[in-house]
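Undergrad: what follows is a predicted structure for the sequence shown.
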Amino acid sequence: MDVKRYKFLMAGQWGESSEPFEVKNPYNGEVVGVTFRPTEKDIEEALSGAVSAAKEMASQPTYKRAEILSRIRSGIMERKEELARTITLEAGKPITDSRIEVERAIHLFQLAVEECRRMGGELIPLDLLEGARGRIAITRRFPVGPVLGITPFNFPLNLVCHKLAPALAAGNPTIIKPASVTPLTALILAEIVQSASGGSGIPAGALSVLPCSGTQAERMIKDDRLKLFTFTGSAEVGWRLKGMAGKKRVVLELGGNAGAILDAGTDLEYAVQRCVHGGYVYSGQTCISLQRLFVHKSIYDLFLSMFVERVKALEMGDPMKEETRIGPLISREAGERLEAWVKEALSQGATALTGGRLNGKFFEPTVMVNVRPEMKVFCEEVFGPLVTVSPFDSFEQALEEVNRSRYGLQAGVFTRDLQKVFLVYKTLEVGSVIINDVPTFRADHMPYGGVKDSGLGREGIKYAIEEMTEPRVLVLNLQEKA
């Protein structure tokens, strides 16, 4: 069977190089497609093209930006099954989850259309003191300039869209560096953007999608011609790259070991359903995957038996099958790392009630108890299908346990007590608190991001546009005489 070759997009031109590389299906190891590493010359053309396009992008009228974003949305809709299958083939994500990701991308570009049209400013009276009599100020947001976005493997479409859609809405040229193991979905999106931009669309240098090496990406991060660097990935890599960014603005959406609390009186049937979803969707390979679960001692035993039963019933297998819920991990190395952490925890007194083993390309869905805060399965980001469950006596104790982490992305709390809701909101050191649901919940228009080691800045279309623009003030003296 012929394997499709995917060229990269470099300042509006499709290119290939003498350095092809294969993208393989993590489920069966088959080659999904072939693309190319750009050369240093290609990267320079992308950078200079972005700089050249910045002025024209900034001067585009709102209606034109909105039209382009709307056409991109339509293009994704037309190719949504192709995109979903490509996500599954290169990322190993179950096809049902891949289709949800594509629908989210469609929704995301619709949000971008709406927020693009809403970009405005405010009028501020300045005459609060005698010396400012007759003066008013007008504010407006202006694009920062060329943006570099680096995206991970786990959402190869949606997380690219979270960089690209607000950048285009704000009027910024953008260079995307997709994950090396999942570049094909981003290259299909580039085809869609180019098609949507034909004729009177974005200028040639406004978009490049370059499946370059990490070393090449680091050189771009250091380049002062880029004005904003936005990264989604691991905390260790993100904070290291921030140190290379110089004076440019940086947005980091990093990892976590998300916690959830189940208070006494929780609807157990609902909580079990949501916790199974939150801990095991896409084999736990999301930065807000439920990892640490704290359950009130009065419901602990019953919850645990219900939870383990549901986890054991999860269908593991071919991600192209509709019934599959657990697909392969992205790599053998990821599975071996997780297996080593589980073995270490078991040797220190933890217990695996189910799972805990690497089974070929799959890691069995795992539930662990008797864990301690210093164990890696508790204090680090497992990024796999593993949930630890611990009992608690007092609600305040549970809050302390959730905060006992260097991460702070999102947390979930199941409670019927409104006072506790506001106690949680004031106490938990996270970017978002999700009440009566798991921390794995995300809406694409909410301000999304973390504190501590989990990141810097916020995503979500409106909030990403704010990160990608600078406010500018115009002061008018309307007083004709002294």
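TA: Sure, I can see it.
Undergrad: alpha carbons only for contacts and neighbour counts from here, please
TA: Will do.
Undergrad: hmm, who's touching stretch 341-361?
TA: Among residues not part of stretch 341-361, those counted as contacts by C-alpha atoms under 8 Å, 6 or more residues apart in numbering are 26-27, 308, 312, 328-329, 331-332, 335-336, 339, 363-372, 375-377, 386.
Undergrad: report all helices and strands that the helix or strand hosting A260 contacts.
TA: Assignment of secondary structure by DSSP states H and E places A260 within strand 259-262. Taking 3 or more C-alpha pairs under 8 Å, 6 or more residues apart in numbering; DSSP states H and E as the contact definition, the neighbouring helices and strands of strand 259-262 are strand 292-296, helix 395-403, strand 410-414.
Undergrad: assign Y280 to helix, strand or coil.
TA: For Y280, the reduced secondary structure class is helix; criterion used: DSSP: H, G, I helix; E, B strand; the rest coil.
Undergrad: repeat for V34
TA: Under three-state DSSP, the three-state class of V34 is strand.
Undergrad: helices along the stretch 101-250 of the chain, start to end?
TA: Secondary structure of the stretch 101-250 of the chain, counting by DSSP state H, counting those that start in this stretch: helices at 158-170, 184-196, 214-222, 235-242.
Undergrad: adding mean pLDDT, distance to A443 and mean neighbour count, write these out as JSON lines.
TA: Listed next are the helices of the stretch 101-250 of the chain as JSON lines, based on pLDDT from 0 to 100; distance: least, C-alpha to C-alpha, whole Å; neighbours: other C-alpha atoms under 10 Å:
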{"stretch": "helix 158-170", "mean pLDDT": "98", "distance to A443": "12", "mean neighbour count": "26"}
{"stretch": "helix 184-196", "mean pLDDT": "96", "distance to A443": "21", "mean neighbour count": "22"}
{"stretch": "helix 214-222", "mean pLDDT": "98", "distance to A443": "29", "mean neighbour count": "16"}
{"stretch": "helix 235-242", "mean pLDDT": "98", "distance to A443": "22", "mean neighbour count": "17"}
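Undergrad: mind checking the ones you listed for the one nearest to F229?
TA: Across the helices of the stretch 101-250 of the chain, F229 has its closest neighbour in helix 214-222 (6.9 Å, C-alpha to C-alpha).
Undergrad: ok so, going back, with just CA atoms, put the strand holding A260 into CSV.
TA: What follows is strand 259-262, C-alpha atoms only, in CSV (Å, rounded to 0.1, in the frame of the first residue of the first chain):
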residue,chain,number,x,y,z
GLY,A,259,-6.9,15.8,42.3
ALA,A,260,-10.6,15.3,43.1
ILE,A,261,-12.4,15.2,46.4
LEU,A,262,-15.6,13.2,47.0
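Undergrad: off-centre distance for that strand?
TA: Averaged C-alpha coordinates place strand 259-262 at 22 Å from its chain's average position (C-alpha atoms, centre = their mean, to the nearest Å).
Undergrad: try stretch 388-397
TA: In terms of C-alpha atoms, centre = their mean, the centre of stretch 388-397 is found 29 Å from the chain centre.
Undergrad: buried ones in it?
TA: Buried residues in stretch 388-397, defined by neighbour count with 16 or more other C-alpha atoms under 10 Å: T388, V389, S390, P391, F392, F395.
Undergrad: skipping its backbone neighbours, what lies nearest the last one in space?
TA: By that I understand F395. With sequence-adjacent residues excluded and distances taken as C-alpha to C-alpha, 6 or more residues apart in numbering, F395 is closest to D263, at 7.3 Å.
Undergrad: P125 against A132, yeah?
TA: No: the pair formed by P125 and A132 falls short of the contact definition of C-alpha atoms under 8 Å, at 9.3 Å.
Undergrad: burial of N172, as a residue count?
TA: Using other C-alpha atoms under 10 Å, N172 has 32 other residues around it.
Undergrad: roughly how far does it sit from G360?
TA: Separation of N172 from G360 (C-alpha to C-alpha, to the nearest Å) stands at 44 Å.
Undergrad: which residues touch stretch 451-470?
TA: Stretch 451-470 is contacted by residues 108, 111-112, 115, 141-144, 162-163, 165-167, 169-170, 172, 228, 235, 250-256, 406-409, 429-431, 444-450 when judged by C-alpha under 8 Å, 6+ apart.
Undergrad: buried subset of those residues as a ChimeraX selection?
TA: Only the buried members of these end up in this ChimeraX selection, burial being decided by 16+ other C-alpha under 10 Å:
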select :108,111,112,115,141,142,143,144,162,163,165,166,167,169,170,172,228,235,250,251,252,253,254,255,256,407,408,409,429,430,431,444,445,447,448,449,450
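Undergrad: taking the contacts of stretch 451-470 one by one, which sit in strands?
TA: With strands defined by DSSP state E, the entries of these inside them are R141, F142, P143, L228, V250, V251, L252, E253, Y407, G408.
Undergrad: which residues does A235 contact?
TA: A235 makes contact with L254, G255, D453, S454, G455, according to C-alpha under 8 Å, 6+ apart.
Undergrad: 10 Å instead?
TA: Neighbouring residues of A235 by C-alpha atoms under 10 Å, 6 or more residues apart in numbering: L241, L252, E253, L254, G255, G256, E381, Y407, K452, D453, S454, G455.
Undergrad: same thing with G29?
TA: Shown in contact with G29 (C-alpha under 10 Å, 6+ apart): V23, L89, E90, K361.
Undergrad: mind checking which of those residues are buried?
TA: Applying 16+ other C-alpha under 10 Å to those, the neighbour count classes V23, L89, E90, K361 as buried.
Undergrad: show me the shaky parts of the protein.
TA: 1, 199-200, 480, 482 (pLDDT under 70).
Undergrad: center of it - which residue?
TA: Relative to the mean C-alpha position of the chain, the nearest C-alpha, by C-alpha atoms, centre = their mean, is the one of L159, at 4.8 Å.
Undergrad: distance of that residue from K80?
TA: For L159, the distance to K80 - C-alpha to C-alpha - is 16 Å.
Undergrad: ditto for L409
TA: Note on L409: its distance to K80, by C-alpha to C-alpha, is 30 Å.
Undergrad: please apply the same query to R133.
TA: Remark: distance between R133 and K80 (C-alpha to C-alpha) = 57 Å.
Undergrad: just the helices and strands packed on strand 259-262: most buried one?
TA: Each of those was assessed for mean neighbour count using mean count of other C-alpha atoms under 10 Å. The highest is strand 410-414, with a mean of 27.
Undergrad: what about stretch 55-70, start to end distance?
TA: With C-alpha to C-alpha as the measure, the ends of stretch 55-70 fall 22 Å from one another.
Undergrad: CA atoms only for stretch 59-68 - export them in PDB, please.
TA: These are the backbone C-alpha positions of stretch 59-68, laid out as PDB (Å, rounded to 0.1, in the frame of the first residue of the first chain):
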ATOM      1  CA  SER A  59      -4.100  46.000   9.100                       C
ATOM      2  CA  GLN A  60      -6.700  43.400   8.000                       C
ATOM      3  CA  PRO A  61     -10.300  44.500   8.800                       C
ATOM      4  CA  THR A  62     -12.300  42.600  11.300                       C
ATOM      5  CA  TYR A  63     -14.800  41.300   8.800                       C
ATOM      6  CA  LYS A  64     -12.000  39.700   6.700                       C
ATOM      7  CA  ARG A  65     -10.400  37.900   9.600                       C
ATOM      8  CA  ALA A  66     -13.900  36.600  10.600                       C
ATOM      9  CA  GLU A  67     -14.500  35.400   7.100                       C
ATOM     10  CA  ILE A  68     -11.200  33.500   7.000                       C
END
